[in-house]
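1. take a look and give me a structure for this.
(one chain, ligands or ions: 3)
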Amino acid sequence: MPDPRDTIRKQAAALGFDVCRFASASEPWTAGERLAHFVGSGRHGDMGWMETTLERRAHPTSMWPDAKTAIVLGLNYGPGHDPLPEMDDASAGYISVYARGDDYHELIKGRLKTLAGQVAARTGEEVKVFVDTAPLMEKPLAQRAGLGWQGKHTNLLSRSRGNWLFLGVILTAAELEPDAAETEHCGGCTACLDACPTKAFPAPFQLDARRCLSYLTIEFAGPWPVEFRSMTGSRIYGCDDCLAVCPWNKFAVTSHEARVQAREALVSPRLADLAALDDAAFRALFSKSPVKRIGRDRFVRNVLYAIGNSGDAALIASARGLLDDASPLVRGAAVWALSRLMDEPGFGALRAERLGGEANTSVQTEWTGDQA
Ligand code: B12
Ligand code: SF4
Ligand code: SF4
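-> Ligands and ions are numbered 1, 2, ... in the order given. This next block holds a predicted model:
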């Protein structure tokens, strides 16, 4: 009798998945308690859906009692180089590697649905598909299936592919033999913990999302707590630092998937160009990109924080041009950016020349008001 998993693996590979492995979806685990601790300590910040889905997320069977097997898929988005030196150019924005191509949710979801249909046809059992947005803990399932392990930065990394792997899961009511789980291989390394610009790890293997620049740039809607604004540097969408410094990336391979390849316009885009985006131009630039999801105002907020950190006097005009933007979020960020640039040593003359006494006073007033 042929092993149905062999066919599923072949079908997954034909759809472009780099890894396909199997885990029990019904065995108990500690991940649910850890999730409850994460949410109970408020580390999820404003991601209210983590509270409302807490019970369903606790275990695959809390959400779907008939789930027997998790088919865990990995799609490699390896950039083929270390992206962090790109941040040396402070007048350009840094968009994290995962967001430089098409939106992976769309990309993976379609393929998962196709594969799920094939699994249902082969096994005659019901299936459900998950990628990121659904209430399922994908990383612990992936570790159980042996795709890799959750490192001290809490992401799943692999001995054969390093850190650049998207995850997707199909749950099925079919009993399929599980693969061996992966064990942890971080050892004494602390590179990711040491590299984090905001010290977002209260302990190894634990993240406080409220301090994470990925959360702040993508998920957090309002004006940031002031302490984090200077820490973001030029990161304007997501953050890769803890992934990129991991020594296991020496085994990373460049992604073969055309749709996750970086669009030229999204690698080191000029902050001046991004600050000038109106809603229509934002939508056009980020068509089919995950960045589109956060909307123009939140994105330009991030751009303005980066402008404030740039030390580039030429960007004063960009920030100044947004002082009367329709969005209070953007106006507040413009004030902060200008106040930072004005504080730069040697910018005193520019302050007098470009803003003048009157404009400078209005900057001060708005700054106080927006931060109250
Ligand atoms: C919420 C979320 C976020 C939040 C919170 C991240 C987090 N670490 O929890 C924010 C917005 C910060 C975020 C950021 C990013 N995300 Co995200 N995110 C998610 C999402 C939707 C849920 C994750 C979740 O449940 N978090 C809650 C915590 C409690 O879960 P956890 O990390 O698994 O917690 C474990 C550890 O803390 C550990 N633990 C806790 N206490 C203890 C104690 C001890 C002693 C030990 C040993 C372990 C331990 O056990 C817990 C259970 O496994 C998943 C998709 C999904 N549905 O799973 C994507 C997902 C995790 N994100 C992903 C990505 C790519 C990112 C970013 C890299 C994007 C970027 N470049 O900016 C960053 C990485 C930041 C980081 N260091 O984690 C990928 C990760 C792929 C992978 N290979 O791991 C996922 C899986 C999406 C996907 N489908 O591919 N993300
Ligand atoms: S993504 Fe950036 S800010 Fe978030 S934990 Fe990793 S290094 Fe820290
Ligand atoms: S950088 Fe070091 S500690 Fe962090 S995930 Fe990689 S091996 Fe583990």
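
2. so which bits of the host helix or strand of Leu171 are buried?
-> Applying DSSP states H and E as the criterion places Leu171 in strand 165-172. The neighbour-count check on strand 165-172 (16 or more other CB atoms under 10 Å) flags 165-172 as buried. C-betas here are computed from N, CA, C, even on glycine.

3. tell me which other helices or strands it touches.
-> Contact here means 3 or more CB pairs under 8 Å, 6 or more residues apart in numbering; DSSP states H and E; on that basis strand 165-172 packs against strand 69-76, helix 104-123, strand 127-130, helix 138-145, strand 156-157.

4. what about the third one and ligand 1, any contact?
-> No. In terms of CB under 6 Å from any ligand atom, no part of strand 127-130 sits within range of ligand 1; the closest distance is 6.8 Å.

5. what's that strand packed up against?
-> Under the contact definition 3+ CB pairs under 8 Å, 6+ apart, strand 127-130 sits against helix 104-123, strand 165-172.

6. gap between that strand and the chain center?
-> 22 Å (CA atoms, centre = their mean, to the nearest Å).

7. list the pairing partners of that strand within its sheet, with orientation.
-> strand 165-172 (antiparallel) (DSSP bridges).

8. on that earlier part again, and the strand holding Leu171, anywhere near ligand 3?
-> No. On the criterion CB under 6 Å from any ligand atom, strand 165-172 is out of touch with ligand 3, staying 12.7 Å away.

9. so how far is that strand from its chain's centroid?
-> 17 Å.

10. show me what contacts the closest residue to Arg122 other than its chain neighbours?
-> Nearest residue to Arg122 in three dimensions, chain neighbours excluded: Pro4, at 5.7 Å (CB to CB, 6 or more residues apart in numbering). Contacts here follow CB atoms under 8 Å, 6 or more residues apart in numbering; on that basis Pro4 touches 122-123, 174, 176.

11. ramachandran angles for Leu176?
-> The phi and psi values for Leu176, taken as degrees, to the nearest 10, are phi -120, psi 140.

12. how about it, what does it touch?
-> 4-5, 8, 22, 68-69, 71, 123.

13. ok, and the most crowded of the residues you listed?
-> Counting neighbours by other CB atoms under 10 Å, the top entry in the contacts of Leu176 is Ile71, with 29 neighbours.
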